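Engineer: Structure of the sequence below:
(one chain, ligands or ions: 1)
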Amino acid sequence: MIRAAGLTKRYGGTTAVDDVSFTAGPGVVTGFLGPNGAGKSTTLRMLLGLEEPDAGVALVGGRPYRALGAPLREVGALLDAGDVHGGRRARDHLRVLARSNGIPARRVGEVLAEVGLAEVADRRIAGFSLGMRQRLGIAAALLGDPGVLVFDEPINGLDPEGVRWIRGLLRGMAAEGRAVLVSSHVLEEVARTADRVVVIGRGRLLADAPTAEVLARFDRGVLVRAADQPALAAVLRAHGAEVRAEDGGLSVRGVDPGRIGELALAHGIALRELAPRTASLEDAFVALTGGSVEFRRAA
Ligand SMILES: Nc1ncnc2c1ncn2[C@@H]1O[C@H](COP(=O)(O)OP(=O)(O)OP(=O)(O)O)[C@@H](O)[C@H]1O
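Structural biologist: Just a heads-up that it's a prediction; the model follows:
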């Protein structure tokens, strides 16, 4: 379990993280979303004891990271995959980590197999692609078999197969009862993987809710085009729908597409288009972070 409460970090005049509170519970993939500069990395760095908060607390399993006796056994993290000693061989890199954290050496072979690096384990990391480094970083995160996993932008630089693999891995880790916190600015990816999303912009918490709820909040309804639109609008309104003219058609909320089709048929109105428009997390995100100067700059 991860818990941030009132978490705040300032750099000079910039408040990178401003009174942020959220939890990431066991058995759940929590997406941590925000545009570039929103404060995601700073928050994760505080969770992992790499930065000291100016106010508030960041706890892993109820304790600050720096108070954990054997951190790798409690929390596995992938922050910057490029941040490893290139001269080392993958297996040796993991052996050193295992030894310094009191983790049995057999775990090295296990995690190498789990991330698909067993065959290249004795090659030097300098020759690894970004995707291979990413996998090695994940192997290191899994080494201590921790109950909490923190991944900062894990799909950066991965090919579609790698993206699928990460998605499965995150879901699998949560299914085993681990708390998984995964940051991203690739919103669609998080929408597919995360059970909940925590959204920040300019250091502030903007949303913390089940993914479906955040999407529903920005549901754009169903777009309908029909031969006789005024007649259809009247019928739909009579059945409780909220109807607005849009794009030469009707934007309909409160009645599902199947029911719209049935009502049109019952009243002999030909439909020309019936398109449900569930907002992507991208839309939700733009709406939530619309006031964010950093976001506009990033966009
Ligand atoms: N060490 C630092 N010194 C000064 N300012 C910093 C430092 N680290 C971060 N910041 C500032 O804090 C804010 C949040 O940065 P942070 O890297 O946490 O955002 P982010 O959401 O992780 O963005 P990205 O997706 O680009 O990594 C930014 O305005 C950034 O410029």
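Engineer: which SS class is residue 77?
Structural biologist: Secondary structure, DSSP: H, G, I helix; E, B strand; the rest coil: residue 77 is strand.
Engineer: which element is the spatially most central residue of the chain on?
Structural biologist: The residue lying closest to the centre of the chain (Cα atoms, centre = their mean) is residue 31, at 2.7 Å. Using DSSP states H and E, residue 31 maps to strand 29-33.
Engineer: Quick check: buried residues in the following helix or strand past that strand?
Structural biologist: Later in the chain than strand 29-33, the nearest helix or strand by DSSP H and E is helix 40-47. Neighbour-count burial for helix 40-47 flags 40-47 (criterion: 16 or more other Cβ atoms under 10 Å). C-beta: built from backbone N, CA, C; applies to glycine.
Engineer: before we move on, what about stretch 163-179?
Structural biologist: Those would be 163, 165-167, 169-171, 173-174, 178-179, for stretch 163-179 by 16+ other Cβ under 10 Å.
Engineer: So what's the residue count around residue 255?
Structural biologist: Close neighbours of residue 255, defined as other Cβ atoms under 10 Å, add up to 21.
Engineer: And it, which helix or strand is it part of?
Structural biologist: Going by DSSP H and E, residue 255 is not part of any helix or strand.
Engineer: which bits of the stretch 51-200 of the chain sit near the ligand?
Structural biologist: Contacts of the stretch 51-200 of the chain with the ligand, taken as Cβ under 6 Å from any ligand atom, map to residue 185.
Engineer: Going along the chain, name the strands of the stretch 51-200 of the chain.
Structural biologist: 55-60, 63-64, 75-78, 148-152, 179-184, 196-201 (DSSP state E, counting those that start in this stretch).
Engineer: And the ones you listed: which comes nearest residue 27?
Structural biologist: Distance to residue 27, taken as Cβ to Cβ, is lowest for strand 179-184 among the strands of the stretch 51-200 of the chain, at 7.5 Å.
Engineer: Give the pairing partners of that closest one; include direction for each.
Structural biologist: Here strand 179-184 has these sheet partners by DSSP bridges: strand 29-33 (parallel), strand 148-152 (parallel).
Engineer: can you pull the buried residues of the one helix or strand residue 262 maps to?
Structural biologist: With elements taken from DSSP H and E, the one containing residue 262 is helix 257-266. Within helix 257-266, the residues that count as buried by 16+ other Cβ under 10 Å are 257, 259-260, 263-264.
Engineer: got the residue ranges for the helices in the stretch 51-200 of the chain?
Structural biologist: 71-74, 90-100, 106-114, 130-142, 160-175, 187-193 (DSSP state H, counting those that start in this stretch).
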